[in-house]
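K.L.:
return a 3D structure for these sequence lines:
(2 chains)
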Number of protein chains: 2
Amino acid sequence: MEKKRPLILISNDDGYHSKGLRSLIEMVSPLADLLVCAPESARSGFSCAFSAVEPLRLKLRRRWEGVDVWSCSGTPVDCVKIALDRLCGGRRPDMVIGGINHGDNASVNSHYSGTMGVTMEGCMKYIPSVAFSLCDHSDDADFAPLAPFVRSITERVLGEGLPRGVCLNVNFPRLKEFKGVRICRMARGTWGNEVVRCVHPHGYDYYWMTGEYTNDEPDADDTDNWALTNGYVAITPTQVDVTDYGMMERMKSEWTFLNVM
Amino acid sequence: MEKKRPLILISNDDGYHSKGLRSLIEMVSPLADLLVCAPESARSGFSCAFSAVEPLRLKLRRRWEGVDVWSCSGTPVDCVKIALDRLCGGRRPDMVIGGINHGDNASVNSHYSGTMGVTMEGCMKYIPSVAFSLCDHSDDADFAPLAPFVRSITERVLGEGLPRGVCLNVNFPRLKEFKGVRICRMARGTWGNEVVRCVHPHGYDYYWMTGEYTNDEPDADDTDNWALTNGYVAITPTQVDVTDYGMMERMKSEWTFLNVM
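P.N.:
Now for the predicted structure:
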């Protein structure tokens, strides 16, 4: 008896037309049936945002490699929610993949990332979920060196699954060849100089968000930032449960002024 | 010698005109100088999103209780970033507060919440940060019962700070009186039935995001959902570092097919 091919739901935050999305489709289409629903245009920095007050549109845009590519007018998370609800034809995806992102989603960027939004949304729906990102923002970034890693990780997750509530944030340095793979923690880092003031032709001020990132623990060799800087693929297992359990126990004994119980 | 009053930066996701914001200003203005920068209109569900591709505007809207209230055209996170960069006049806030939100931000809602976006952004800047939310979406929700708790928690955090990388997610049930305060973990829960299809007068389909929340561990009495359902104020210490350390160690020994090192 033939085993049914698994189903992977793919989205991203760069939009349905992006090279990273197309590269991902090419890499994993031999492994599974694919359903693709991605934002109409770039939604970088959209985090886990969803559209609470705006109506959404869905459009079938094209077929790539025999795969339907839909666009949604909303956020990356909207793409996952609406695809699960409207486009899966009664099937439940075996995996959700976000990417391949044009740009780095390591360290605190994980919180801002729409690619990680896709992945966290899959994970919150208890579907094994992975984000792939390449440290190269350019439209024509070269994704080819990632292919064997993207395929191996996808095969493994399709075969073995992931524990509930844990997804993978996979970042690749911008290299032709990688030194290896490191399983990492998220580095502590900060953004600064984030606001640039400009003056509109009509005389009023407006602002662009930009910034410079600093790795606040550059000597620690177990972080995603370290791995990427040193030529390694960085895999960070990332959890939905953001409770700080140590702090929880300390507060129970120390915050007695509130009559905690 | 007189001690300088601390500075609190306040934002929210309901907009600068919201009752929850005004109530928060009234509650904490005796404790500190306040700077308020909130979205121009409702930005519920905006998570940690920031405006990567849209220019931003800042407007001084009003003075409430002697406090300048600014609006920003972007997301809740944009409000924090731009206020820190442009509006603090060289001072560094001693605390960031998000809220008071009209609506529940417990469990996975913490990931979608713009109020938590404000708080996470403060925390990622290493500023002690707290989110306050009331389980009542109505515009004229009654925030008065929260006042002594909001004040006590704010005084404590101003006095003692919080560990780097940890913020507090504080949720209040919709009650006149609370049974007490519980220090909680985030409940495992899921949203379902999230998409409603409608037909535009011109004949095409469009969709609204909505949904029903299910607490997937209703019997566990240590969660934020349990506390709120049973009449308690829920405080969940929430961390920026989303690494799953247990999974990290397991992957180092089990993911050998990738030649992890």
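K.L.:
mind listing what A:Glu26 touches?
P.N.:
A:Glu65 (Cβ atoms under 8 Å, 6 or more residues apart in numbering or on different chains). C-betas here are computed from N, CA, C, even on glycine.
K.L.:
how about A:Asp68?
P.N.:
A:35-36, A:60.
K.L.:
in which helix or strand does it reside?
P.N.:
Per DSSP states H and E, A:Asp68 falls inside strand A:67-72.
K.L.:
helices or strands up against the helix or strand following that strand?
P.N.:
The C-terminal neighbour of strand A:67-72 among helices and strands, as given by DSSP H and E, is helix A:76-82. Helix A:76-82 sits against strand A:7-11, strand A:33-39, strand A:67-72, helix A:114-124, strand B:205-209, with contacts defined as 3 or more Cβ pairs under 8 Å, 6 or more residues apart in numbering or on different chains; DSSP states H and E.
K.L.:
gap between helix A:76-82 and the chain center?
P.N.:
Mean-position distance between helix A:76-82 and its chain equals 12 Å (Cα atoms, centre = their mean, to the nearest Å).
K.L.:
could I get the buried residue list for it?
P.N.:
By neighbour count with 16 or more other Cβ atoms under 10 Å in any protein chain shown, helix A:76-82 contains the buried residues A:76-82.
K.L.:
now the residues you listed as a markdown table including distance to A:Ser253 and pLDDT?
P.N.:
Output for the buried residues of helix A:76-82, formatted as a markdown table (distance: Cβ to Cβ, whole Å; pLDDT from 0 to 100):
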| residue | distance to A:Ser253 | pLDDT |
| --- | --- | --- |
| A:Pro76 | 41 | 97 |
| A:Val77 | 37 | 98 |
| A:Asp78 | 42 | 97 |
| A:Cys79 | 44 | 98 |
| A:Val80 | 40 | 98 |
| A:Lys81 | 40 | 97 |
| A:Ile82 | 45 | 97 |
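K.L.:
closest to B:Asp219 among those residues?
P.N.:
The closest of those to B:Asp219 turns out to be A:Lys81 (Cβ to Cβ; 27.5 Å).
K.L.:
quick check: that closest one touching B:Asn193?
P.N.:
No. Applying Cβ atoms under 8 Å, one finds A:Lys81 not in contact with B:Asn193, separated by 10.5 Å.
K.L.:
where do the helices of the stretch 101-250 of chain A begin and end?
P.N.:
A:109-112, A:114-124, A:147-160, A:224-229, A:245-254 (DSSP state H, counting those that start in this stretch).
K.L.:
could you dump those into JSON lines with mean neighbour count added?
P.N.:
Shown next, in JSON lines, are those (neighbours: other Cβ atoms under 10 Å in any protein chain shown):
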{"stretch": "helix A:109-112", "mean neighbour count": "26"}
{"stretch": "helix A:114-124", "mean neighbour count": "30"}
{"stretch": "helix A:147-160", "mean neighbour count": "17"}
{"stretch": "helix A:224-229", "mean neighbour count": "24"}
{"stretch": "helix A:245-254", "mean neighbour count": "14"}
